[in-house]
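Participant: how would this look folded up:
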Amino acid sequence: MLIWSRFNTLFCSERFGLFIYNALSNTLLELDRQYRRQTLCFDSSRLALTLCPTLECNFRCPYCFEHSQQNSAVMTPDTINRLISFIKSYQDVRHLSIAWYGGEPLLAFEVICDLMEKIDDLDLVFEGSGLITNGYLLDSEKISRLNNLKITSVQITLDGPEEVHDKRRFLSGGGPTFRRIMENVDNLMNSSYEGVCTIRVNIDKHNLDQFIVLRSALLERFRGKKLSVYAGQVNTGFGHSYDGTCNLDMLAWKDFNLDMRRRIGQPTGAFYPGGNMDSICIATTHYGFVVGPEGELYKCWEDAGNKAMVTGSIFRDNPVANPELQALYSNGIDAYSDPECLKCDVLPICGGGCANKRLRAKQFGEKGLEFCSPYKEHLIIYLESYIDYLRSMEICEALLTQVPEKHESQGFRVISPEKKEC
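Facilitator: Numbers count the residues shown, from 1 in each chain. All right, here's what the predicted structure looks like:
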């Protein structure tokens, strides 16, 4: 396994031997990585928007970061028109992508329809959109319009079987939600919808053991359909109203993922660091914004509804009124400018961790936030498990297809080459 680290010897294991990568110059590699990150951060050809047509939600999930930020405002026709003007003002942009978010965006479904009608008239390459919803309002009428709205992915949250889910994800006035959501997922999967559906299961110590139960049931129920299931870690900060003792810290999250790997035979998370090594997300990109229902601008999804984190407004001639906050997200939390990170063994494969949590911990002094990648403390055990998985796949392939054995001339082989950014 070939992964660059700050040391020549990356991975030494009693089970798998010694893996060596002789870096000619760590400094040059660091500069190359930082350059790539900055190039992606300041790419002016793409505009990435997360649009919140409302911050109101029909659920009251106790662990939600927006639990105390409910806001009944909905995008008005004036805000919609101003948003289109805001998009047009980025004259060098050629590609546009959108995520529909909230609150619960389907509470303002007609806003989504009105906006998409106007976006269709723009001279841009629209790269599709994703809808993040609790699924309760995703009825057949709305499902029938998803393709025309160019919504290519739908993410719905279920936190376990019915009796578990309904204790965690209940209506704002009280009442269960599981059965109606499942009915809507059934309708979605049996409709003419051309996109994919992802079921997210928010995991903490309350429902840890129920993930595999729900996952198995869903994959069996929707066998052959474009549906996947993944776990999301619940790990709020100390200042959150949710019971922090239920959080999954990095150690517990590592144990959960390794257990799932053993029980279902494949990784459920990022066991191999081949993903976002440049730590690029909407928060860190210069042309990435979260737009609230009143036209206010944020940099991260988790900032939505937090007035202290507003960076500007689409109603301003110069929309960014707080360039300092934008600069903090783009440059102030760059791992390559952090002396502590530069001494860390796992830079750059860590990707710098979560940008929002890093900002809150490093710049604002918020306590109890684990912003580093799990690779920092658990890299070797992740890689061992990943190699186990790949070797199992190779054995199965060899037995079933009788592929001739290939010998590598270098004395090592790259089993997971790094994916290049477009």
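Participant: Kindly provide the distance from the spatially most central residue of the chain to I333.
Facilitator: Against the mean C-alpha coordinate of the chain, by C-alpha atoms, centre = their mean, the closest residue is C281 at 8.5 Å. C281 is 11 Å from I333, where distance means C-beta to C-beta, to the nearest Å. C-betas here are computed from N, CA, C, even on glycine.
Participant: Next: T284.
Facilitator: Applying C-beta to C-beta, the value for T284 to I333 is 8 Å.
Participant: Could you tell me which residues touch both of these two?
Facilitator: The contact sets of T284 and I333 overlap at A355 (C-beta atoms under 8 Å, 6 or more residues apart in numbering).
Participant: so where do the helices sit in the protein?
Facilitator: Remark: helices assigned in the chain by DSSP state H are 26-41, 77-88, 109-119, 140-143, 162-168, 178-189, 211-221, 250-264, 323-327, 339-342, 355-358, 375-401.
Participant: who wins for proximity to G295 among these?
Facilitator: Closest to G295 of the helices of the chain, according to C-beta to C-beta: helix 77-88, at 5.0 Å.
Participant: quick revisit: joint contacts of C281 and I333?
Facilitator: With C-beta under 8 Å, 6+ apart, C281 and I333 have common neighbours A355.
Participant: any weak-confidence spans in the stretch 201-350 of the chain?
Facilitator: 236-245, 267-279 (pLDDT under 70).
Participant: follow-up on the earlier one: not counting its neighbours along the chain, what's nearest the residue nearest to the centre of the chain?
Facilitator: Leaving aside its sequence neighbours, C281 sits nearest to A355 (C-beta to C-beta, 6 or more residues apart in numbering; 5.9 Å).
Participant: how much space is there between the residue found closest to C350 once you drop the neighbours it is linked to in the chain and W100?
Facilitator: In this structure, C350 finds its nearest non-sequential neighbour in S373, 3.7 Å apart by C-beta to C-beta, 6+ apart. With the distance defined as C-beta to C-beta, S373 ends up 28 Å from W100.
Participant: what do you get for D249?
Facilitator: Noted for D249: a distance of 31 Å to W100, by C-beta to C-beta.
Participant: And stretch 306-313, what's buried?
Facilitator: Buried residues in stretch 306-313, counting neighbours by 16 or more other C-beta atoms under 10 Å, are found at M309, V310, T311, G312, S313.
Participant: quick one: which of those sit in strands?
Facilitator: Residues of those located in strands (DSSP state E): G312, S313.
Participant: would TSV of the buried residues of stretch 306-313 with distance to G224 be doable?
Facilitator: Below are the buried residues of stretch 306-313 laid out as TSV (distance: C-beta to C-beta, whole Å):
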residue	distance to G224
M309	43
V310	45
T311	44
G312	46
S313	46
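Participant: the domain parsing of this protein - what is it?
Facilitator: 9-39+336-401, 44-325 (automatic domain parsing).
Participant: Looking at those, which one is packed in the most?
Facilitator: domain 44-325 (a mean of 18; mean count of other C-beta atoms under 10 Å).
Participant: separation between N147 and P323?
Facilitator: 39 Å.
Participant: Ok, D345 next?
Facilitator: 34 Å.
Participant: hmm, back to that, the residue nearest to C281 touches N331, doesn't it?
Facilitator: No: applying C-beta atoms under 8 Å, one finds A355 not in contact with N331, separated by 11.3 Å.
Participant: Could you point out which residue ranges in the stretch 1-150 of the chain have low pLDDT?
Facilitator: If you take pLDDT under 70 as the line, the stretch 1-150 of the chain has these spans: 1-27, 29, 65-70.
Participant: List the contacts of C197.
Facilitator: Listed by C-beta under 8 Å, 6+ apart, the contact set of C197 reads S153, V154, Q155, I156, V185, L188, M189, K225, K226, L227, S228.
Participant: Could you pick out which of the residues you listed are located in strands?
Facilitator: Going by DSSP E, the strands hold S153, V154, Q155, I156, L227, S228 from the contacts of C197.
Participant: which of these lies closest to V290?
Facilitator: Comparing the ones in strands among the contacts of C197 against V290 with C-beta to C-beta places Q155 closest, at 16.1 Å.
Participant: in the sheet, who's paired with that closest one?
Facilitator: Using DSSP bridges, the beta-bridge partners of Q155 come out as I132, T198.
Participant: Go ahead and confirm it touches L131.
Facilitator: Yes: counting by C-beta under 8 Å, Q155 touches L131, with 7.1 Å between them.
Participant: Return the distance of M182 relative to Y230.
Facilitator: M182 sits at a distance of 18 Å from Y230 (criterion: C-beta to C-beta).
Participant: should've said Y298
Facilitator: Counting by C-beta to C-beta - Y298 and Y230 are separated by 25 Å.
Participant: for Q91, same thing?
Facilitator: Distance, Q91 to Y230, using C-beta to C-beta: 38 Å.
Participant: who touches L171 in this structure?
Facilitator: Listed by C-beta under 8 Å, 6+ apart, the contact set of L171 reads N58, F59, R60, Y136, T177.
Participant: All set, thanks.
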